[in-house]
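Enquirer: okay, predicted coordinates and the sequence, questions at the end:
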Amino acid sequence: MKRLVALVPVAWLGLFFLVPFLVLLKISFSEPAIAQPPYLPLLDWADGILTIALNLGNYIFLTEDPLYLLSYLSSVKIAAISTVLTLLLGYPMAYVIARAPEHRRGLLLMLVILPFWTSFLLRVYAWIGLLKANGIVNNALLAVGVIDQPLVMLQTDFAVYLGIVYTYLPFMILPLYATLSKLDADLLDASADLGARPGTTFLTVTLPLSLPGVVAGSMLVFIPAVGEYIIPALLGGPGTLMIGSVLWNEFFLNRDWPVAAAVAIVMVLVLALPIALLRRVQAREGERP
Amino acid sequence: MSNPFIRIDGVTRTFGEVYAVDDVSLDIQQGELFCLLGGSGSGKSTLLRMLAGFERPTAGRIIIDGRDMTDVPPHARDVNMMFQSYALFPHMSVERNIAYGLHRMGMPKAQIATRVTDMLSLVQMEKLARRKPDQLSGGQRQRVALARALARRPKLLLLDEPLGALDRKLREETQLELKKIQSSLGITFIVVTHDQEEAMTLGDRLGVMNEGRIVQVGAPHEVYEFPQSRFVADFIGTVNLFEGTIAEDRDTDAVIASPEAGIDIRIPHAVTGTAGQPVAVALRPEKIVISRTLPDPYDNVLTGQVTDIVYSGNLSVFHVTLASGKRVRVSRTNRLRAESEGIGAGDAVQLGFTGQSAVVLAS
């Protein structure tokens, strides 16, 4: 029975993650062609001989055109900065919710999750309405007289950061709230009792004990942010280079599925390696006496 | 005794409409081991938290070593606390837990190392210095918590149910150890406990709290032998209470008429109160002698029937029902292996006691 229960997530992951990944891996090693689907088969069964046409060209191509490397670096940079911003904004919010009286926490958490009730796409479009040259923000600032020319906000990196931070903030707040609300209030009292001012208590007790939440929240923001496509496409400008749009262009504009697949595989590796490293570090931390 | 070390002066703490601590005044001397004893919700923990600085009094003042500490935040007080949960920092080793308060004082590193070593040997934890709290047993955690609280050499150490989480045997050993450490360091201890036995073994003096007030303060034997109210008599130890009225009150003796006891109880000293006033006579179970026929004469003799005998090894407790229906508990040390008289359930017995051992309570 226990095995049967464990089988469900394993089957799910196998069917919807591993199999598509293998398909993608296979495509990334094939030769592009003008055909349906637009690539040549990897395995060829001709005249009783099995030929495997393993084509590394797609990966080599990625290293030859600097566009790809720049896109990866830029994506990681945008995702990292967004993650830090989300953390800086989300930590105090999670802290306040965790310290709020118990009967008010439910309401506050509800407010954090509330934006999910509207479509993600609609919310990003709403930011266009807010940020554009004659949008709500510019009109309000002009009316008050703070500025006399509309600010250029839309189609800038600023708008991309704003969109990512806004969209992923709940994913940061929820795991942080989970660890902070479990924090024993006696520990904070004990720290004060032993002579620590509130700021010191935060740095020596609260922050280290909430690190699991910080790591979980940062992962939940960083990973999808690296591959984010919609936010840079709608809010970013021509200068905003992100791997998500490169991927989209390869698939739908160039119809070069093998190169697109290679881009995707490299992205998975770019994300999986640091996570695996982090997990090993964490595992070693746990063992240490 | 003009300037007590700690003066709690008319301290009140309310939470909304509730008086958690209600106009408590208390003086504690330097080097004293004082126990605050009370049930849950008696206000003892709130009083302790006010001494530590975690709670502000709604009214009144707290003076420690001549300085008014009422509004001083916890981190600036020369007071440390050992928490009931121990509150050890789970991400720090035993050593770092103990050193935590010393770092906050800005003590030089070499001095911290010496002090930590001293503290570890004081609580016999040298070998486990590098362990994390979750790798320690309950008793070991308790020691680390004590060492951490003592490391800064506070003027006053507050202990919230320090032995509550330990099993019985370990608790008895630790009680003695705690007392030894306290007297060797000369630090004033205030211990909060709900366990009257612990309070009596540990404390030089104890203060009994009920509904936010201190109802009696005294040395353990004073509080046990001379309770000043029905609450204290009943809360500390076991007691038989006989309701009655003052029948005669003279300079040298008094008589309490008690239909419940079935006799006029003779007390060999004057009592406070006037004739006809309702009172209760409190009598501890061990102050009563039980026999089929008492060998010696007693001032007061009750008669009744044994309804139950509870054997607990060293003691047997007899439940005796009097003619009035009142049940009396009598305890007797099991000096012999077999019950010499062979008193069993259903037997008619005599209960003898001297008026000297009884306490007359007006309230």
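Expert: Arrived safely.
Enquirer: contacts for the least confident helix or strand in chain A by mean pLDDT?
Expert: Least confident helix or strand, chain A: strand A:43-46 with a mean of 74, by mean pLDDT, DSSP states H and E. The contact list for strand A:43-46 (CB atoms under 8 Å, 6 or more residues apart in numbering or on different chains) reads A:Leu50, A:Thr51, A:Ile52, A:Ala53. C-beta coordinates here come from the backbone N, C-alpha and C atoms, glycine included.
Enquirer: in the helix or strand just after it, what counts as buried?
Expert: Sequence order places strand A:49-52 as the next helix or strand after strand A:43-46, per DSSP states H and E. Going by neighbour count (16 or more other CB atoms under 10 Å in any protein chain shown), nothing in strand A:49-52 comes out as buried.
Enquirer: pLDDT averaged over strand A:49-52 - what is it?
Expert: Averaged across strand A:49-52, the pLDDT comes to 77.
Enquirer: got the contact list for whatever helix or strand comes next after it?
Expert: Toward the C-terminal end, the helix or strand that comes next after strand A:49-52 (DSSP H and E) is helix A:57-64. Residues outside helix A:57-64 that contact it (CB under 8 Å, 6+ apart): A:Ser28, A:Phe29, A:Glu31, A:Tyr68, A:Leu69, A:Pro258, A:Val259, A:Ala261, A:Ala262, A:Val263, A:Val266.
Enquirer: buried only: go through the residues you listed for me.
Expert: A:Ser28, A:Phe29, A:Tyr68, A:Pro258, A:Val259, A:Ala261, A:Ala262, A:Val263, A:Val266.
Enquirer: list the ones among the residues you listed that fall in strands.
Expert: Assignment to strands by DSSP state E places none of the buried ones among the contacts of helix A:57-64 there.
Enquirer: now, which of those residues sits nearest chain B?
Expert: Taking CB to the nearest CB as the measure, chain B lies nearest A:Val266 of the buried ones among the contacts of helix A:57-64, at 36.9 Å.
Enquirer: rewinding a little: so which pair among the contacts of helix A:57-64 is furthest apart in space?
Expert: A:Glu31 and A:Leu69 (23.3 Å; CB to CB).
Enquirer: flag every buried residue along the helix or strand bottoming out on mean pLDDT in chain B.
Expert: For chain B, using mean pLDDT, DSSP H and E, the weakest element among its helices and strands is helix B:168-185, scoring a mean of 88. Within helix B:168-185, the residues that count as buried by 16+ other CB under 10 Å are B:Arg171, B:Thr174, B:Gln175, B:Leu178, B:Lys179, B:Ile181, B:Gln182.
Enquirer: contacts only, for the last one.
Expert: Spelled out, it's B:Gln182. Residues near B:Gln182 by CB under 8 Å, 6+ apart: B:Leu33, B:Phe189.
Enquirer: before we move on, the earlier item: format the contacts of helix A:57-64 as a markdown table; extra columns: pLDDT.
Expert: As requested, the contacts of helix A:57-64 are arranged in a markdown table below (pLDDT from 0 to 100):
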| residue | pLDDT |
| --- | --- |
| A:Ser28 | 90 |
| A:Phe29 | 89 |
| A:Glu31 | 85 |
| A:Tyr68 | 91 |
| A:Leu69 | 91 |
| A:Pro258 | 91 |
| A:Val259 | 90 |
| A:Ala261 | 92 |
| A:Ala262 | 92 |
| A:Val263 | 92 |
| A:Val266 | 91 |
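Enquirer: without its sequence neighbours, what residue ends up closest to the closest residue to chain A within the stretch 151-300 of chain B?
Expert: Closest approach between the stretch 151-300 of chain B and chain A, counting by CB to the nearest CB: B:Arg152, at 7.0 Å. Of all residues not flanking B:Arg152 in the chain, B:Gly101 sits nearest, at 4.6 Å (CB to CB, 6 or more residues apart in numbering or on different chains).
Enquirer: repeat for B:Ala219
Expert: B:Arg205 (5.6 Å).
Enquirer: surely A:Ile164 touches A:Ala80?
Expert: No. Contact criterion CB atoms under 8 Å: A:Ile164 and A:Ala80 do not qualify, at 11.0 Å.
Enquirer: look at those two and report which has more neighbours.
Expert: Counted by other CB atoms under 10 Å in any protein chain shown, A:Ile164 and A:Ala80 do not tie: A:Ile164 has more neighbours, with 24 against 15.
Enquirer: check contacts around that one.
Expert: Counting by CB under 8 Å, 6+ apart, A:Ile164 has contacts A:Ile78, A:Ala79, A:Ser82, A:Thr86, A:Val221, A:Ala225, A:Glu228, A:Ile231.
Enquirer: what helix or strand is it on?
Expert: helix A:157-182.
Enquirer: buried sites along that helix?
Expert: Neighbour-count burial for helix A:157-182, counted by 16+ other CB under 10 Å, picks out A:157-181.
Enquirer: just stretch A:241-251 next, same as before
Expert: A:Leu241, A:Met242, A:Ile243, A:Gly244, A:Ser245, A:Val246, A:Leu247, A:Trp248, A:Glu250, A:Phe251.
Enquirer: can you add distance to chain B and give these back as JSON lines?
Expert: Output for the buried residues of stretch A:241-251, formatted as JSON lines (distance: CB to the nearest CB, whole Å):
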{"residue": "A:Leu241", "distance to chain B": "40"}
{"residue": "A:Met242", "distance to chain B": "37"}
{"residue": "A:Ile243", "distance to chain B": "37"}
{"residue": "A:Gly244", "distance to chain B": "38"}
{"residue": "A:Ser245", "distance to chain B": "42"}
{"residue": "A:Val246", "distance to chain B": "42"}
{"residue": "A:Leu247", "distance to chain B": "41"}
{"residue": "A:Trp248", "distance to chain B": "44"}
{"residue": "A:Glu250", "distance to chain B": "46"}
{"residue": "A:Phe251", "distance to chain B": "46"}
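Enquirer: okay, now the residue in the stretch 1-150 of chain A positioned nearest to chain B: neighbour count?
Expert: In the stretch 1-150 of chain A, no residue comes nearer to chain B than A:Pro101, which is 12.9 Å away by CB to the nearest CB. Neighbour count for A:Pro101, taken as other CB under 10 Å: 6.
Enquirer: show me what contacts residue 262?
Expert: Reading this off chain A. A:Ser28, A:Asn58, A:Tyr59, A:Phe61, A:Leu62.
Enquirer: other chain: chain B
Expert: For B:Gly262, counting by CB under 8 Å, 6+ apart, the contacting residues are B:Leu302, B:Thr303, B:Leu322, B:Ala323, B:Ser324.
Enquirer: just the ones in helices from the buried ones among the contacts of helix A:57-64, please.
Expert: A:Ser28, A:Tyr68, A:Pro258, A:Val259, A:Ala261, A:Ala262, A:Val263, A:Val266 (DSSP state H).
Enquirer: I'd say B:Val279 and B:Ile246 touch.
Expert: Yes. When contacts are counted by CB under 8 Å, B:Val279 is listed as touching B:Ile246 (5.9 Å).
Enquirer: shared neighbours, these two?
Expert: Common contact partners of B:Val279 and B:Ile246 (CB under 8 Å, 6+ apart): B:Ile256, B:Val271, B:Gly273.
Enquirer: among the contacts of helix A:57-64, which one lies nearest to A:Leu277?
Expert: A:Val266 (17.0 Å).
Enquirer: wouldn't that closest one be in contact with A:Leu69 here?
Expert: No. Using CB under 8 Å, A:Val266 is not in contact with A:Leu69; the gap is 9.9 Å.
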